[in-house]
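> no FASTA, just this:
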(Lines give C-alpha, C1' and ligand atoms only; values in the text may rest on other atoms or scores of the structure.)
Protein backbone atom coordinates (compact mmCIF):
# COMPACT_ATOMS: atom_id res chain seq x y z
CA UNK A 1 0.00 0.00 0.00
CA UNK A 2 1.53 3.32 -1.08
CA UNK A 3 1.48 6.60 0.85
CA UNK A 4 -1.62 7.93 -0.93
CA UNK A 5 -3.59 4.77 -0.16
CA UNK A 6 -2.55 4.84 3.50
CA UNK A 7 -3.50 8.50 3.88
CA UNK A 8 -6.97 8.04 2.40
CA UNK A 9 -7.77 4.49 3.53
CA UNK A 10 -11.29 4.31 4.96
CA UNK A 11 -13.52 1.59 6.38
CA UNK A 12 -16.51 3.74 7.35
CA UNK A 13 -18.42 6.74 6.06
CA UNK A 14 -17.03 8.83 8.92
CA UNK A 15 -13.47 8.21 7.75
CA UNK A 16 -14.43 9.42 4.27
CA UNK A 17 -15.33 12.81 5.78
CA UNK A 18 -12.73 12.96 8.55
CA UNK A 19 -10.92 16.07 7.28
CA UNK A 20 -14.19 17.95 6.68
CA UNK A 21 -15.32 17.25 10.25
CA UNK A 22 -11.85 18.14 11.55
CA UNK A 23 -11.90 21.54 9.82
CA UNK A 24 -15.46 22.26 10.96
CA UNK A 25 -14.63 21.30 14.55
CA UNK A 26 -11.52 23.46 14.80
CA UNK A 27 -13.12 26.48 13.12
CA UNK A 28 -15.93 26.40 15.69
CA UNK A 29 -18.73 25.36 13.34
CA UNK A 30 -19.39 21.81 14.53
CA UNK A 31 -18.94 20.17 17.92
CA UNK A 32 -18.53 16.60 16.57
CA UNK A 33 -15.39 14.53 16.88
CA UNK A 34 -14.45 11.26 15.18
CA UNK A 35 -12.82 8.58 17.30
CA UNK A 36 -10.30 6.66 15.19
CA UNK A 37 -12.57 7.14 12.20
CA UNK A 38 -15.04 4.58 13.52
CA UNK A 39 -17.42 6.59 15.69
CA UNK A 40 -18.73 10.11 15.44
CA UNK A 41 -19.81 11.73 18.68
CA UNK A 42 -19.72 14.88 20.76
CA UNK A 43 -19.15 15.57 24.43
CA UNK A 44 -19.79 18.49 26.73
CA UNK A 45 -16.12 19.49 26.45
CA UNK A 46 -16.10 19.40 22.65
CA UNK A 47 -19.20 21.60 22.71
CA UNK A 48 -17.48 24.04 25.08
CA UNK A 49 -14.36 23.99 22.88
CA UNK A 50 -16.28 24.98 19.73
CA UNK A 51 -17.98 27.85 21.57
CA UNK A 52 -14.60 29.11 22.81
CA UNK A 53 -13.23 28.96 19.25
CA UNK A 54 -16.24 30.92 17.97
CA UNK A 55 -15.80 33.60 20.59
CA UNK A 56 -12.06 33.93 19.91
CA UNK A 57 -12.52 34.16 16.13
CA UNK A 58 -15.28 36.75 16.37
CA UNK A 59 -13.38 38.75 18.99
CA UNK A 60 -10.17 38.63 16.92
CA UNK A 61 -11.93 39.75 13.77
CA UNK A 62 -13.83 42.59 15.46
CA UNK A 63 -10.80 43.60 17.52
CA UNK A 64 -8.51 43.70 14.48
CA UNK A 65 -11.00 45.84 12.58
CA UNK A 66 -11.36 48.17 15.58
CA UNK A 67 -7.58 48.64 15.70
CA UNK A 68 -7.50 49.47 11.98
CA UNK A 69 -10.32 52.00 12.34
CA UNK A 70 -8.92 53.74 15.45
CA UNK A 71 -5.37 54.12 14.12
CA UNK A 72 -5.42 57.00 11.61
CA UNK A 73 -2.42 55.82 9.59
CA UNK A 74 -3.72 52.25 9.26
CA UNK A 75 -7.22 53.47 8.42
CA UNK A 76 -6.00 55.76 5.65
CA UNK A 77 -3.77 53.04 4.22
CA UNK A 78 -6.52 50.40 4.22
CA UNK A 79 -9.78 52.30 3.68
CA UNK A 80 -9.08 56.00 3.14
CA UNK A 81 -8.13 55.70 -0.54
CA UNK A 82 -11.23 53.67 -1.47
CA UNK A 83 -14.27 55.12 -3.22
CA UNK A 84 -17.58 55.27 -1.30
CA UNK A 85 -18.96 52.32 -3.29
CA UNK A 86 -15.82 50.26 -2.56
CA UNK A 87 -16.10 51.12 1.14
CA UNK A 88 -19.70 49.93 1.10
CA UNK A 89 -18.65 46.66 -0.58
CA UNK A 90 -15.90 46.09 2.01
CA UNK A 91 -18.19 46.85 4.96
CA UNK A 92 -20.88 44.59 3.51
CA UNK A 93 -18.41 41.70 3.16
CA UNK A 94 -17.18 42.08 6.76
CA UNK A 95 -20.74 42.18 8.09
CA UNK A 96 -22.12 39.33 6.02
CA UNK A 97 -19.14 37.03 6.74
CA UNK A 98 -19.62 37.50 10.48
CA UNK A 99 -23.39 36.94 10.37
CA UNK A 100 -23.22 33.87 8.14
CA UNK A 101 -20.47 32.25 10.21
CA UNK A 102 -22.48 32.79 13.40
CA UNK A 103 -25.71 31.54 11.88
CA UNK A 104 -24.20 28.36 10.42
CA UNK A 105 -22.37 27.55 13.65
CA UNK A 106 -25.46 27.86 15.83
CA UNK A 107 -27.63 26.13 13.23
CA UNK A 108 -25.38 23.06 13.49
CA UNK A 109 -25.70 23.26 17.28
CA UNK A 110 -29.49 23.25 17.21
CA UNK A 111 -29.58 20.24 14.86
CA UNK A 112 -26.66 18.26 16.25
CA UNK A 113 -28.78 15.34 17.53
CA UNK A 114 -30.53 14.95 14.18
CA UNK A 115 -27.14 15.22 12.45
CA UNK A 116 -25.71 12.44 14.62
CA UNK A 117 -28.75 10.22 14.03
CA UNK A 118 -28.43 10.74 10.27
CA UNK A 119 -24.73 9.78 10.28
CA UNK A 120 -25.32 6.61 12.33
CA UNK A 121 -28.37 5.61 10.27
CA UNK A 122 -26.49 5.91 6.99
CA UNK A 123 -23.67 3.72 8.29
CA UNK A 124 -26.06 1.13 9.74
CA UNK A 125 -27.93 0.89 6.41
CA UNK A 126 -24.64 0.28 4.62
CA UNK A 127 -23.82 -2.54 7.04
CA UNK A 128 -27.28 -4.10 6.61
CA UNK A 129 -27.00 -3.94 2.83
CA UNK A 130 -23.70 -5.81 2.98
CA UNK A 131 -25.38 -8.65 4.89
CA UNK A 132 -28.33 -8.90 2.49
CA UNK A 133 -26.17 -8.60 -0.63
CA UNK A 134 -22.77 -10.26 0.00
CA UNK A 135 -21.68 -9.43 -3.56
CA UNK A 136 -21.46 -5.74 -2.58
CA UNK A 137 -18.15 -4.34 -1.37
CA UNK A 138 -18.10 -0.70 -0.28
CA UNK A 139 -15.20 1.26 -1.75
CA UNK A 140 -14.95 3.94 0.94
CA UNK A 141 -11.38 4.73 -0.13
CA UNK A 142 -12.62 6.44 -3.29
CA UNK A 143 -14.92 8.79 -1.36
CA UNK A 144 -12.13 9.38 1.15
CA UNK A 145 -9.71 10.42 -1.59
CA UNK A 146 -12.35 12.76 -2.97
CA UNK A 147 -13.51 14.55 0.17
CA UNK A 148 -10.53 14.32 2.54
CA UNK A 149 -8.20 15.68 -0.13
CA UNK A 150 -10.78 18.36 -0.92
CA UNK A 151 -11.09 19.33 2.75
CA UNK A 152 -7.31 19.62 3.16
CA UNK A 153 -6.98 21.75 0.05
CA UNK A 154 -9.90 24.03 0.98
CA UNK A 155 -8.45 24.71 4.45
CA UNK A 156 -4.98 25.70 3.25
CA UNK A 157 -6.37 27.58 0.25
CA UNK A 158 -8.71 29.76 2.30
CA UNK A 159 -6.05 30.59 4.89
CA UNK A 160 -3.45 31.54 2.27
CA UNK A 161 -5.82 33.56 0.09
CA UNK A 162 -7.48 35.35 3.03
CA UNK A 163 -4.18 36.37 4.62
CA UNK A 164 -2.94 37.68 1.28
CA UNK A 165 -6.22 39.53 0.72
CA UNK A 166 -6.02 41.35 4.06
CA UNK A 167 -2.35 42.31 3.59
CA UNK A 168 -3.14 43.51 0.07
CA UNK A 169 -5.93 45.73 1.44
CA UNK A 170 -3.78 47.11 4.29
CA UNK A 171 -1.34 48.76 1.80
CA UNK A 172 1.35 49.24 4.43
CA UNK A 173 3.67 47.36 6.76
CA UNK A 174 2.32 49.18 9.81
CA UNK A 175 -0.06 47.25 12.00
CA UNK A 176 0.95 43.85 10.67
CA UNK A 177 -0.18 42.27 13.95
CA UNK A 178 -3.77 43.41 13.42
CA UNK A 179 -3.55 42.34 9.76
CA UNK A 180 -2.57 38.81 10.80
CA UNK A 181 -5.36 38.81 13.38
CA UNK A 182 -7.97 39.88 10.83
CA UNK A 183 -6.60 37.60 8.10
CA UNK A 184 -6.48 34.42 10.19
CA UNK A 185 -9.89 34.96 11.80
CA UNK A 186 -11.42 35.89 8.44
CA UNK A 187 -9.90 32.76 6.89
CA UNK A 188 -11.44 30.53 9.58
CA UNK A 189 -14.79 32.34 9.40
CA UNK A 190 -15.01 31.77 5.64
CA UNK A 191 -13.34 28.34 5.60
CA UNK A 192 -15.84 26.90 8.11
CA UNK A 193 -19.03 27.76 6.17
CA UNK A 194 -17.32 26.80 2.91
CA UNK A 195 -16.41 23.38 4.31
CA UNK A 196 -19.96 23.00 5.64
CA UNK A 197 -21.26 23.41 2.08
CA UNK A 198 -18.86 20.71 0.90
CA UNK A 199 -20.23 18.47 3.69
CA UNK A 200 -23.67 19.03 2.16
CA UNK A 201 -22.24 18.06 -1.24
CA UNK A 202 -20.74 14.93 0.35
CA UNK A 203 -24.16 13.98 1.72
CA UNK A 204 -25.70 14.31 -1.74
CA UNK A 205 -22.89 12.24 -3.23
CA UNK A 206 -23.33 9.47 -0.64
CA UNK A 207 -27.03 9.15 -1.45
CA UNK A 208 -26.33 9.32 -5.20
CA UNK A 209 -23.83 6.45 -4.96
CA UNK A 210 -26.37 4.31 -3.09
CA UNK A 211 -29.06 4.97 -5.68
CA UNK A 212 -26.61 3.92 -8.38
CA UNK A 213 -25.81 0.75 -6.42
CA UNK A 214 -29.51 -0.14 -6.11
CA UNK A 215 -29.93 0.43 -9.85
CA UNK A 216 -26.97 -1.86 -10.60
CA UNK A 217 -28.34 -4.54 -8.25
CA UNK A 218 -31.69 -4.37 -10.05
CA UNK A 219 -29.92 -4.82 -13.39
CA UNK A 220 -27.84 -7.72 -12.10
CA UNK A 221 -30.72 -9.46 -10.33
CA UNK A 222 -33.42 -8.94 -12.96
CA UNK A 223 -32.11 -7.31 -16.11
CA UNK A 224 -29.85 -10.18 -17.19
CA UNK A 225 -32.26 -13.03 -16.34
CA UNK A 226 -35.38 -14.22 -18.10
CA UNK A 227 -38.71 -15.10 -16.51
CA UNK A 228 -38.90 -18.74 -15.48
CA UNK A 229 -41.46 -20.97 -13.88
CA UNK A 230 -39.48 -21.12 -10.66
CA UNK A 231 -37.79 -18.52 -8.52
CA UNK A 232 -40.52 -15.86 -8.48
CA UNK A 233 -40.72 -15.98 -4.68
CA UNK A 234 -36.96 -15.46 -4.35
CA UNK A 235 -37.08 -12.62 -6.85
CA UNK A 236 -39.97 -11.00 -5.03
CA UNK A 237 -38.05 -11.14 -1.76
CA UNK A 238 -35.02 -9.53 -3.41
CA UNK A 239 -37.22 -6.87 -4.99
CA UNK A 240 -38.78 -6.01 -1.63
CA UNK A 241 -35.31 -5.72 -0.07
CA UNK A 242 -34.14 -3.31 -2.78
CA UNK A 243 -37.34 -1.30 -2.45
CA UNK A 244 -36.78 -1.09 1.30
CA UNK A 245 -33.24 0.26 0.88
CA UNK A 246 -34.37 2.65 -1.83
CA UNK A 247 -37.10 4.04 0.43
CA UNK A 248 -34.75 4.32 3.41
CA UNK A 249 -32.06 6.15 1.45
CA UNK A 250 -34.72 8.36 -0.14
CA UNK A 251 -36.13 9.25 3.28
CA UNK A 252 -32.71 10.64 4.19
CA UNK A 253 -33.05 13.38 1.57
CA UNK A 254 -35.48 15.52 3.65
CA UNK A 255 -33.31 14.86 6.71
CA UNK A 256 -30.21 16.14 4.91
CA UNK A 257 -32.20 19.12 3.63
CA UNK A 258 -33.32 19.96 7.17
CA UNK A 259 -29.82 19.65 8.64
CA UNK A 260 -28.15 21.67 5.89
CA UNK A 261 -30.96 24.07 4.95
CA UNK A 262 -29.28 27.05 6.61
CA UNK A 263 -25.84 25.95 5.42
CA UNK A 264 -26.84 25.64 1.77
CA UNK A 265 -29.06 28.73 1.76
CA UNK A 266 -26.80 31.18 3.57
CA UNK A 267 -23.67 29.64 2.04
CA UNK A 268 -25.01 30.17 -1.48
CA UNK A 269 -26.00 33.72 -0.57
CA UNK A 270 -22.47 34.35 0.74
CA UNK A 271 -21.00 32.98 -2.48
CA UNK A 272 -23.29 35.25 -4.46
CA UNK A 273 -22.29 38.28 -2.35
CA UNK A 274 -18.57 37.44 -2.53
CA UNK A 275 -18.58 36.88 -6.28
CA UNK A 276 -20.48 40.12 -6.80
CA UNK A 277 -17.98 42.02 -4.64
CA UNK A 278 -14.95 40.45 -6.32
CA UNK A 279 -16.44 41.05 -9.76
CA UNK A 280 -16.90 44.70 -8.89
CA UNK A 281 -13.32 44.81 -7.60
CA UNK A 282 -12.11 43.50 -10.97
CA UNK A 283 -14.06 46.29 -12.66
CA UNK A 284 -12.54 48.87 -10.29
CA UNK A 285 -9.03 47.60 -11.04
CA UNK A 286 -9.72 47.85 -14.76
CA UNK A 287 -11.15 51.37 -14.50
CA UNK A 288 -8.24 52.53 -12.36
CA UNK A 289 -5.78 51.57 -15.07
CA UNK A 290 -2.91 51.23 -12.60
CA UNK A 291 -3.47 47.64 -11.52
CA UNK A 292 -0.69 45.11 -11.96
CA UNK A 293 -1.27 41.67 -13.51
CA UNK A 294 -0.84 39.87 -10.17
CA UNK A 295 -3.77 41.85 -8.73
CA UNK A 296 -6.07 40.47 -11.42
CA UNK A 297 -4.72 36.96 -10.89
CA UNK A 298 -5.13 37.20 -7.14
CA UNK A 299 -8.73 38.46 -7.38
CA UNK A 300 -9.63 35.62 -9.75
CA UNK A 301 -8.02 33.08 -7.39
CA UNK A 302 -10.18 34.47 -4.60
CA UNK A 303 -13.29 33.83 -6.74
CA UNK A 304 -12.39 30.31 -7.95
CA UNK A 305 -13.49 28.29 -4.86
CA UNK A 306 -16.81 30.15 -4.80
CA UNK A 307 -17.50 29.27 -8.43
CA UNK A 308 -16.42 25.69 -7.77
CA UNK A 309 -18.70 25.34 -4.74
CA UNK A 310 -21.77 26.66 -6.57
CA UNK A 311 -21.11 24.34 -9.52
CA UNK A 312 -20.56 21.34 -7.22
CA UNK A 313 -23.84 21.89 -5.36
CA UNK A 314 -25.82 22.23 -8.60
CA UNK A 315 -24.15 19.30 -10.38
CA UNK A 316 -24.34 16.83 -7.48
CA UNK A 317 -27.96 17.78 -6.84
CA UNK A 318 -28.71 17.03 -10.49
CA UNK A 319 -26.78 13.73 -10.45
CA UNK A 320 -28.56 12.55 -7.30
CA UNK A 321 -31.94 13.38 -8.83
CA UNK A 322 -31.04 11.55 -12.06
CA UNK A 323 -29.88 8.45 -10.14
CA UNK A 324 -33.12 8.40 -8.16
CA UNK A 325 -35.22 8.66 -11.32
CA UNK A 326 -33.27 5.79 -12.90
CA UNK A 327 -34.15 3.64 -9.89
CA UNK A 328 -37.82 4.66 -10.18
CA UNK A 329 -37.99 3.61 -13.82
CA UNK A 330 -36.21 0.34 -13.10
CA UNK A 331 -38.64 -0.53 -10.29
CA UNK A 332 -41.68 0.24 -12.44
CA UNK A 333 -40.44 -2.22 -15.10
CA UNK A 334 -39.93 -5.11 -12.69
CA UNK A 335 -43.27 -6.71 -13.56
CA UNK A 336 -41.81 -7.83 -16.89
CA UNK A 337 -39.29 -10.07 -15.13
CA UNK A 338 -41.79 -12.24 -13.27
CA UNK A 339 -43.42 -15.31 -14.71
CA UNK A 340 -46.51 -14.59 -12.59
CA UNK A 341 -47.04 -10.80 -12.74
CA UNK A 342 -49.93 -10.92 -10.27
CA UNK A 343 -47.42 -11.80 -7.52
CA UNK A 344 -45.66 -8.47 -7.91
CA UNK A 345 -48.58 -6.29 -9.05
CA UNK A 346 -49.72 -5.34 -5.55
CA UNK A 347 -46.15 -4.63 -4.49
CA UNK A 348 -45.53 -2.33 -7.46
CA UNK A 349 -48.83 -0.51 -6.92
CA UNK A 350 -47.91 0.09 -3.29
CA UNK A 351 -44.48 1.34 -4.35
CA UNK A 352 -46.02 3.66 -6.95
CA UNK A 353 -48.38 5.08 -4.31
CA UNK A 354 -45.42 5.70 -1.97
CA UNK A 355 -43.45 7.31 -4.78
CA UNK A 356 -46.26 9.71 -5.67
CA UNK A 357 -46.45 10.98 -2.09
CA UNK A 358 -42.70 11.11 -1.46
CA UNK A 359 -41.18 13.00 -4.36
CA UNK A 360 -38.01 13.97 -2.52
CA UNK A 361 -35.26 16.17 -3.94
CA UNK A 362 -32.29 18.03 -2.52
CA UNK A 363 -32.89 21.72 -1.94
CA UNK A 364 -30.94 24.90 -1.23
CA UNK A 365 -32.55 26.51 1.76
CA UNK A 366 -36.19 25.51 2.08
CA UNK A 367 -37.65 25.74 -1.42
CA UNK A 368 -34.98 26.07 -4.15
CA UNK A 369 -34.50 22.78 -5.97
CA UNK A 370 -30.84 21.79 -6.13
CA UNK A 371 -30.45 21.48 -9.88
CA UNK A 372 -28.52 22.99 -12.78
CA UNK A 373 -31.05 25.84 -12.90
CA UNK A 374 -29.38 27.13 -9.71
CA UNK A 375 -26.34 28.08 -11.79
CA UNK A 376 -28.39 30.33 -14.04
CA UNK A 377 -30.24 31.88 -11.10
CA UNK A 378 -27.07 32.75 -9.13
CA UNK A 379 -24.94 33.90 -12.06
CA UNK A 380 -27.81 35.98 -13.45
CA UNK A 381 -28.23 37.65 -10.04
CA UNK A 382 -24.48 38.32 -9.84
CA UNK A 383 -24.54 39.99 -13.26
CA UNK A 384 -27.55 42.16 -12.33
CA UNK A 385 -26.08 43.37 -9.04
CA UNK A 386 -22.68 43.99 -10.63
CA UNK A 387 -24.38 46.23 -13.19
CA UNK A 388 -25.98 48.20 -10.34
CA UNK A 389 -22.65 48.62 -8.51
CA UNK A 390 -20.89 49.64 -11.72
CA UNK A 391 -23.57 52.23 -12.43
CA UNK A 392 -23.18 53.64 -8.92
CA UNK A 393 -19.40 53.81 -9.37
CA UNK A 394 -19.68 55.56 -12.74
CA UNK A 395 -22.20 57.99 -11.28
CA UNK A 396 -19.82 58.72 -8.39
CA UNK A 397 -16.97 59.35 -10.84
CA UNK A 398 -19.18 61.71 -12.89
CA UNK A 399 -20.19 63.69 -9.79
CA UNK A 400 -16.55 64.01 -8.69
CA UNK A 401 -15.46 65.28 -12.12
CA UNK A 402 -18.34 67.79 -12.22
CA UNK A 403 -17.45 69.13 -8.78
CA UNK A 404 -13.82 69.60 -9.81
CA UNK A 405 -14.91 71.58 -12.88
CA UNK A 406 -17.21 73.78 -10.78
CA UNK A 407 -14.40 74.78 -8.41
CA UNK A 408 -11.86 77.38 -9.52
CA UNK A 409 -8.65 77.86 -7.57
CA UNK A 410 -7.48 81.52 -7.44
CA UNK A 411 -3.86 82.08 -6.46
CA UNK A 412 -2.91 85.33 -4.74
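Okay, I see it. As the structure is a computational prediction, the values presented were derived from the model and not from experiment.

> the helix or strand bottoming out on mean pLDDT in the chain: what's the following helix or strand?
Least confident helix or strand of the chain, by mean pLDDT, DSSP states H and E, is helix 3-7 with a mean of 51. Downstream of helix 3-7, the first helix or strand assigned by DSSP states H and E is helix 13-16.

> centre of the chain to that next one, how far?
17 Å (CA atoms, centre = their mean, to the nearest Å).

> check the burial of residue 131 by counting its neighbours.
Using other CB atoms under 10 Å, the number of residues around residue 131 comes to 8. Just so you know, the C-beta spots here come from the backbone N, C-alpha and C atoms, and that holds for glycine as well.

> what's the answer for the one 10 residues further on, then?
Around residue 141 sit 16 other residues, with neighbours defined as other CB under 10 Å.

> just the pLDDT at it, thanks.
Looking at residue 141, its pLDDT is 84.

> now swap in residue 190 and tell me
For residue 190, the pLDDT comes out at 86.

> what sits against it?
97, 101, 158, 162, 270 (CB atoms under 8 Å, 6 or more residues apart in numbering).

> next up, identify which helix or strand it is on.
Counting by DSSP H and E, residue 190 is found in helix 176-218.

> so which residues of the stretch 51-200 of the chain form helices?
72-75, 84-110, 112-132, 140-170, 176-218 (DSSP state H, counting those that start in this stretch).

> and residue 58, which of these is closest to it?
Judged by CB to CB, the one of these that comes nearest to residue 58 is helix 84-110, at 6.7 Å.

> quick one: contacts of stretch 57-69?
With CB under 8 Å, 6+ apart as the criterion, stretch 57-69 contacts 27-28, 74-75, 78-79, 94, 98, 101-102, 170, 175, 178-179, 181-182, 184-186, 188-189.

> which parts of it are buried?
For stretch 57-69, burial by neighbour count (16 or more other CB atoms under 10 Å) applies to 57-58, 60-61, 64-65, 67-68.

> now, which of these sits nearest residue 119?
residue 57 (25.2 Å).

> just give the closest residue to that closest one, not the sequence neighbours.
residue 185 (4.8 Å; CB to CB, 6 or more residues apart in numbering).

> if you rank the contacts of residue 190 by neighbours, which is first?
When neighbours are taken as other CB under 10 Å, the top entry among those is residue 101 (28 neighbours).

> that one contacts residue 193, correct?
Yes - counting by CB atoms under 8 Å, residue 101 does reach residue 193; the two are 5.9 Å apart.

> common neighbours of these two, please.
Contacts common to residue 101 and residue 193, judged by CB under 8 Å, 6+ apart, are residue 29.

> what about residue 353, distance to residue 46?
Going from residue 353 to residue 46 by CB to CB, to the nearest Å gives 44 Å.

> more neighbours, the two?
Taking other CB under 10 Å, residue 353 and residue 46 do not tie; residue 46 has more neighbours (15 against 10).

> which other helices and strands contact whichever strand or helix holds residue 246?
Secondary-structure assignment from DSSP H and E places residue 246 in helix 232-288. Counting by 3 or more CB pairs under 8 Å, 6 or more residues apart in numbering; DSSP states H and E, the packing neighbours recorded for helix 232-288 are helix 84-110, helix 112-132, helix 176-218, helix 293-332, helix 341-357, strand 363-364, helix 373-406.

> so where's the stretch 101-250 of the chain uncertain?
Counting by pLDDT under 70, the stretch 101-250 of the chain has low-confidence residues at 170-174, 223-232.

> contact partners for residue 296?
So residue 296 contacts 282, 285 (CB under 8 Å, 6+ apart).

> how far does stretch 207-217 sit from its chain's centre?
22 Å.

> stretch 258-277 too?
Distance of stretch 258-277 from its chain centroid, counting by CA atoms, centre = their mean, is 8 Å.

> count the neighbours of the nearest residue to residue 239 once chain neighbours are set aside for me.
Taking CB to CB, 6+ apart, and ignoring the residues beside it in sequence, residue 239 has residue 334 as its nearest neighbour in space, at 5.8 Å. Neighbours of residue 334 under the rule other CB under 10 Å: 22.

> for residue 334, give me its contacts.
Here residue 334 is in contact with 218, 222, 239, 344, 348 (CB under 8 Å, 6+ apart).

> can you give me the pLDDT of it?
76.

> roughly how far does it sit from residue 187?
Residue 334 sits 52 Å away from residue 187, going by CB to CB.

> what of residue 296?
22 Å.

> next one: residue 259
25 Å.

> same question for residue 211.
36 Å.

> and if you look at residue 328?
43 Å.

> so for those two, which residue has more residues nearby?
residue 187 (24 against 18).

> can you pull the contacts of the closest residue to that one other than its chain neighbours?
Closest residue to residue 187 apart from its sequence neighbours, by CB to CB, 6+ apart: residue 162 at 3.6 Å. Residue 162 makes contacts with 183-184, 186-187, 190-191, as judged by CB under 8 Å, 6+ apart.
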